[in-house]
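Visitor: task: produce atomic coordinates for the following.
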Amino acid sequence: MTENDVIEFATGLPGVVAFTAGEDNGAPPAAWGDTFFYYDPDDVPADRKMPFATIVVKDYEGFDTASDLNRPGVFRVNIGVGRAVFEELLGYPPAAHPAHHEAVDYRVPDLILPHPVYAAQSWICVVNPGDATAGRVRTLLTGAHARAAARHGTGDQATRA
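Guide: I've put the predicted structure just below:
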C-alpha cells in the first residue's frame, strides 16, 4: 500500500474527512505532510477532536522517533483500534505496553506493531503496509471508522472499547 492507497481507502468510508497538514492550511510545520482521518459526516472542522487514524511521514524529533520515519520512502499508518482489538493483535492489553516497549523494533515494515507513543491508548501502527498487512490494515481502518461513527454525536471522544 502507498500513502495514496490508504487515503483513498479511508476517504471511501462514509463520512470520512482526510486532512493533510501543510503550510497552505495553517498546520504547524512539524505536522506538514501528515494526514489525519476524522469521522465528520457534517464536514464541520471545529467538530474534529480526535482522528481515528493517521499517516505520519517523518519523525517528530524529541517525541516520536522510534520508527525512523526520516528514511526515504517510509511512512507509518496509525490506527486507534480499541482495547479488545489491540489485545487480540498483540497478545497483551494496552495498559501493559510499557513492559513490552523495549522489545519492539518499531522500524520493521509490513508488520502490525503497537504504536511507539500511543500504544497505551489502544493505537497500533504499520510501517509501509505491504502484502502481509494491507488487508488487515483495511479491516482495522474499517473498524476504527465504525468506532468513530458510533461515538459521533455522543461527545465521547475518549471511548476506547
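
Visitor: for Phe36, give me its contacts.
Guide: For Phe36, the contact set (CB atoms under 8 Å, 6 or more residues apart in numbering) comprises 18-21, 48, 51, 54. C-betas here are computed from N, CA, C, even on glycine.

Visitor: check Ala30 too.
Guide: Ala30 neighbours (CB under 8 Å, 6+ apart): Tyr60.

Visitor: confidence score at it?
Guide: What the model reports as pLDDT for Ala30 is 92.

Visitor: likewise Thr2?
Guide: 98.

Visitor: gap between it and Glu8?
Guide: Look at Thr2 and Glu8: by CB to CB, to the nearest Å, they are 9 Å apart.

Visitor: pretty sure Ser67 contacts Val127?
Guide: Yes: with contact defined as CB atoms under 8 Å, Ser67 reaches Val127; the gap is 5.5 Å.

Visitor: looking at those two, which is more packed in?
Guide: More crowded of Ser67 and Val127, by other CB atoms under 10 Å: Ser67, with 26 against 23.

Visitor: assign the nearest residue to Tyr60 once chain neighbours are set aside to helix, strand or coil.
Guide: Of all residues beyond its chain neighbours, the one nearest Tyr60 is Ala30 (6.0 Å), with distances taken as CB to CB, 6 or more residues apart in numbering. Secondary structure for Ala30, judged by DSSP: H, G, I helix; E, B strand; the rest coil, is helix.

Visitor: for this structure, which spans come out with low pLDDT?
Guide: Low-confidence segments of the chain (pLDDT under 70): 153-161.

Visitor: could you redo the last one with a cut-off of 50?
Guide: Where the chain drops to pLDDT under 50, the residues are 157-161.
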